[in-house]
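In: Quick one: sequence plus predicted model below, questions after.
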Amino acid sequence: MAKIIPYNPKLKALARKLRKDMTFGEVLLWNELKEDKLWGFDFDRQRCIDNYIVDFYCKDLRLAIEIDGMSHNYEEAFAKDELRQQTLESLGVQFVRFTEAETKYDMQNIIRSIEGKIIEIIRENPTVRLPKGFHLAWLDG
């Protein structure tokens, strides 16, 4: 499962800038994901994958998390998001998407949704590298 997906090095400067200019919703979610807080899984923010940048990414799970703000409500942006997601899914990346408003007002359910996706990924892929101290018995509770 931990097959490395190459990335376009020309995107690194933009990813760095995006990390400095995160939306409020991205900051709120990052506070829940950073320092391996979510079951010990390591998430990166503004991660370059292939020719794209995703908001958050866990390489061990091949899981991308996207926070869609107002700019994603336009048809052109939606079409670009759709193409990007299809391309990355063809490389084995799975997605969960939330709105900026959800991150501000419903973080508890966002975390539940991410945990549900993690459980689904682990059950479908027994070769997932689990964090030290993670117990599969947690998934049965």
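Out: Everything's here; your move. Numbers count the residues shown, from 1 in each chain.
In: for the chain, where's the lowest mean pLDDT among helices and strands?
Out: Least confident helix or strand of the chain, by mean pLDDT, DSSP states H and E, is helix 75-90 with a mean of 87.
In: If you count contacts, what does the following helix or strand past it end up packed against?
Out: Where DSSP states H and E defines the elements, the next helix or strand beyond helix 75-90 is strand 94-99. Applying 3 or more Cβ pairs under 8 Å, 6 or more residues apart in numbering; DSSP states H and E, we find strand 94-99 packed against helix 24-33, strand 63-68, helix 75-90, helix 107-124. Using the backbone N, CA and C atoms, a C-beta is placed for each residue, glycine as well.
In: who's in contact with strand 94-99?
Out: 25, 29, 61-69, 85, 88-89, 110, 113-114, 117, 121 (Cβ atoms under 8 Å, 6 or more residues apart in numbering).
In: make it 10 Å
Out: For strand 94-99, the surrounding residues in contact (Cβ atoms under 10 Å, 6 or more residues apart in numbering) are 25, 29, 54-56, 58, 61-70, 72-73, 81, 84-86, 88-89, 105-107, 109-110, 113-114, 116-118, 120-121, 124-125.
In: What is the neighbour count of Ile114?
Out: 24 (other Cβ atoms under 10 Å).
In: Now it: closest residue in space that isn't a chain neighbour?
Out: Closest residue in space to Ile114, ignoring its immediate chain neighbours: Val96 at 6.1 Å, by Cβ to Cβ, 6 or more residues apart in numbering.
In: where in this protein is pLDDT low?
Out: The model of the chain has pLDDT under 70 over residues 1-2, 70-75, 138, 140-141.
In: State the helix or strand in which Phe56 lies.
Out: Element membership for Phe56 (DSSP H and E) is strand 52-58.
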